[in-house]
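Trainee: Generate coordinates for the sequence data below:
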Amino acid sequence: MKTITIGTLKGGTGKSSTVFNLAGLLAEKHRVLLIDCDPQTNLSLNVGVDITENDVPTVKHIFDENATAEDVIFKTPIKELPNIDLIPSCIKLTATELQMVSRAGRENLLQNFFLDNKKSLSIYDYVLIDTNPSMGIVNQNAFLVADSIVLVSDVSLNGIQGAELFLELWGGTRRNLRKEDNVRALILNNFDKRLKLSGELAEYCNDHESMKDIVLKTVIPNSVQLKNTEMEHLPINLIHKNSGVHKAYQNIIQELTERGVL
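Mentor: Residues are numbered from 1 along each chain as shown. Model (predicted):
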């Protein structure tokens, strides 16, 4: 089992969409568990789970109730892809994070969940974790448990700065937590080749000392088809299999495999 956490420190870069569509392609051949650690619940909504229902178990219960894997895993939310399971999120995760501040070993709670539920989680080939744009305690849990962190940036100055800031802040945090450098890749999303800025920012990433070794060659093009995946609650490989976006995700999976992320 490989655990990959998606992150950055700027909102709107397409993290949840990236997790959702990578999972869709991987689930054609592998068992995938999605964990939504973002209180905005975009990933949970993408797969079609109604998180407004009070009886839906969520990642919150891992952090404040020591729930087991059987308690919180939502089985087969996408019937067309039975290899995908989900641990959804909820808005109340924000309150849980505030309560975690004074807990001993607070950065290790998700890692403890993995250890305590090793047998139940061993059926999965990949665990993909979505986060919100922060270095809060819940996210530190998600980054610490990850074999690999994959950053996602849209092609904007703020997006690139968010990736740079992540590398700086996580670098200091992981050293304090005695964690080796686990940032393995940077995906450029929402790339519009018609815009001069897109090419300039891609070139900047490829020349930047802290990003040149992690930025992927493949970019995800700007496309309304990605919006369709959110509306239809189905990943790109199910509804736009002949699209350039689907091809881009195939190439990204190939690059991530070559880097040992997948």
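Trainee: Other residues contacting the helix-or-strand element of the chain with minimal mean pLDDT?
Mentor: Least confident helix or strand, the chain: helix 196-207 with a mean of 84, by mean pLDDT, DSSP states H and E. By Cβ atoms under 8 Å, 6 or more residues apart in numbering, the residues outside helix 196-207 that reach it are 153, 155-157, 160, 163, 186, 188, 191-193, 211-212, 215, 219. For the C-beta atoms, the positions are set from N, CA and C on the backbone; glycine is no exception.
Trainee: which residues of the protein fall in helices?
Mentor: In the chain, the helices defined using DSSP state H lie at 15-26, 42-46, 60-65, 69-72, 93-100, 109-116, 118-121, 137-144, 157-176, 196-207, 224-232, 236-239, 244-258.
Trainee: quick one on the thing from earlier: so of the contacts of helix 196-207, which two are at opposite extremes in space?
Mentor: Spanning the widest gap among these are Asp192 and Lys212, at 22.0 Å by Cβ to Cβ.
Trainee: ok, Gly7 - how many residues close by?
Mentor: Burial of Gly7 is recorded as 27 neighbouring residues (other Cβ atoms under 10 Å).
Trainee: got the contact list for it?
Mentor: Gly7 sits next to 15, 131, 133, 139, 142-143, 149-152, 166, 170 when contact means Cβ under 8 Å, 6+ apart.
Trainee: Export those residues to CSV and append columns for distance to Asp71.
Mentor: CSV is the format used below for the contacts of Gly7 (distance: Cβ to Cβ, whole Å):
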residue, distance to Asp71
Lys15, 26
Thr131, 22
Pro133, 28
Asn139, 22
Ala142, 19
Phe143, 24
Ile149, 27
Val150, 28
Leu151, 31
Val152, 30
Phe166, 31
Trp170, 30
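Trainee: Give me the longest strand you can find in this protein.
Mentor: Assignment by DSSP state E gives strand 183-191 as the longest strand of the chain.
Trainee: That strand versus helix 196-207: what angle between them?
Mentor: Put simply, strand 183-191 runs at 170 degrees to helix 196-207, going by axes from the mean of the first three to the mean of the last three Cα atoms, to 10 degrees.
Trainee: still on that earlier bit, pick the one among the contacts of Gly7 closest to Phe113.
Mentor: Ala142 (11.2 Å).
Trainee: Isn't the closest one up against Lys15?
Mentor: No. Judged on Cβ atoms under 8 Å, Ala142 makes no contact with Lys15 at a distance of 11.5 Å.
Trainee: More neighbours: which of the two?
Mentor: The neighbour comparison of Ala142 against Lys15 (other Cβ under 10 Å) goes to Lys15, with 28 against 25.
Trainee: Which pLDDT value goes with that one?
Mentor: What the model reports as pLDDT for Lys15 is 95.
Trainee: Over to Asn54?
Mentor: For Asn54, the model assigns a pLDDT of 66.
Trainee: shift numbering so it begins at 44
Mentor: OK, 44 is where the count begins now, so the last one is Asn97.
Trainee: From the centre of this structure, give me the residue that's furthest out.
Mentor: Distance from the C-alpha centroid of the chain peaks at Lys239, with 28.4 Å (Cα atoms, centre = their mean).
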